[in-house]
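Participant: based on what follows, work out the 3D shape:
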Amino acid sequence: MSAANQFQVKYIWSFLVLISSYYCQGQEIGFPVDASANGFGYATTGRDNVFGLSGNAAALADLQDITISASVQNSFLIEDLFDYSISSVFPLKNAGLGIYLEHFDFEAYRQQVISVGYGLALYRQLSIGVRLRYLNFRIPEESATSSLSGGLFLKYRLNDQILFGMELNPFRGKQISVNQRMTTYQKFGFSYQPSEIITVSGDLIYHSDLLTQISAAIGISYEIIDQLEVQLGYRSNPDFISIGASIGIWDGLNLYISASIHQQLGVTPVSGFGYQAINK
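Facilitator: From the prediction side, this is the model:
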């Protein structure tokens, strides 16, 4: 590792860790709105995700091109329950910087999220990352509340087929109402690519401040042709299954269509696009 890289690792990473460890108050209340991850159940901790910041922030270090993505989610097909997000990632030298914006506005609840992620490649197989997320929301009969949360990330590629990832947050979640506290979770994930057209990924999650503290997610994607990939996923706590598809429109532009299905609450469709400005 060059002297310049050593300086970057030692000082920039130490500064980001210090900031996040001082202010972190738990993680977000729900899942990020990400059509590219919903199809395989948000089993993203051990998986490279080109678009969005719903997965492992350490994976941002591997991106070589500017990306932008946007998604819209209609919760349980209920009128007016729409959640919007947009995100972009900018490659740096041996690193990547991403920003994610989310907006949800309903008469009974309002939520805005601003998330910033940074990933740094230490070696060819190992990357680290940090993500800070500012959450502002309003609950009926409660004053508006905000919280700064965050997580620390690790990504390790064992070989061309197997990838491991971790997300850590040792801080107790902030009390946001009389009966609710923001949950803090720790994640361990993997992905396995037995062939060029199949990827299997899984997450094991430990939640604080929930009655059921352990949950899991598993997803699989299958590339039918170069322009079409189908996805299937399952996640527990909350329990839902999901299906999705990624459709290549032209070089660098993908359309995502997915839906998660909850046994009692119904279907939540998510759609969006991702564009990667590939340098040729």
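
Participant: tell me which element residue 268 falls in.
Facilitator: Taking DSSP states H and E as the definition, one finds residue 268 inside strand 266-276.

Participant: and residue 48, how many residues sit next to it?
Facilitator: 19 (other C-beta atoms under 10 Å). In this view, the C-beta of every residue, glycine as well, is placed from N, C-alpha and C.

Participant: correct me, but it touches residue 165?
Facilitator: No - applying C-beta atoms under 8 Å, one finds residue 48 not in contact with residue 165, separated by 9.2 Å.

Participant: ok, residues contacting the strand holding residue 268?
Facilitator: With C-beta atoms under 8 Å, 6 or more residues apart in numbering as the test, strand 266-276 has contacts from 33-36, 38, 50-52, 65-77, 85, 244, 249, 252-262.

Participant: kindly report the same for stretch 190-209.
Facilitator: Under the criterion C-beta under 8 Å, 6+ apart, residues 26, 40, 42-48, 160-165, 172-173, 181-189, 213-224, 237 lie in contact with stretch 190-209.

Participant: in the chain, which helix or strand is least confident?
Facilitator: Here the helix or strand of the chain ranked lowest by mean pLDDT, DSSP states H and E is helix 13-23, holding a mean of 39.

Participant: residue 55: what's it in contact with?
Facilitator: 37, 44-45, 47-49, 165.

Participant: now do it against residue 227, distance only.
Facilitator: Using C-beta to C-beta, to the nearest Å, one gets 23 Å for the distance from residue 55 to residue 227.

Participant: now residue 97
Facilitator: Applying C-beta to C-beta, the value for residue 97 to residue 227 is 29 Å.

Participant: try residue 190
Facilitator: Relative to residue 227, residue 190 is positioned 27 Å away (C-beta to C-beta).

Participant: compare neighbour counts for these two and give me the winner.
Facilitator: residue 190 (19 against 13).

Participant: beta partners for the more buried one?
Facilitator: Beta-bridge partners for residue 190, by DSSP bridges, are residue 164, residue 202.

Participant: do the same with residue 88
Facilitator: Residue 88 forms beta bridges with residue 68, residue 99, as assigned by DSSP bridges.

Participant: tally of neighbours for it?
Facilitator: Around residue 88 there are 18 other residues, counting by other C-beta under 10 Å.

Participant: ditto for residue 65
Facilitator: Number of residues near residue 65 (other C-beta under 10 Å) recorded here: 14.

Participant: wait, residue 72 touches residue 84, no?
Facilitator: Yes - contact status for residue 72 versus residue 84: in contact at 5.4 Å, counting by C-beta under 8 Å.

Participant: and for these two, which residues touch both?
Facilitator: Both residue 72 and residue 84 are in contact with residue 33, where contact means C-beta under 8 Å, 6+ apart.

Participant: name only those of the contacts of strand 266-276 that count as buried.
Facilitator: Using 16 or more other C-beta atoms under 10 Å as the burial test, these include 33-36, 38, 50-52, 67, 69-71, 73-75, 85, 244, 254, 256-260 as buried.

Participant: alright, that wraps it up for me.
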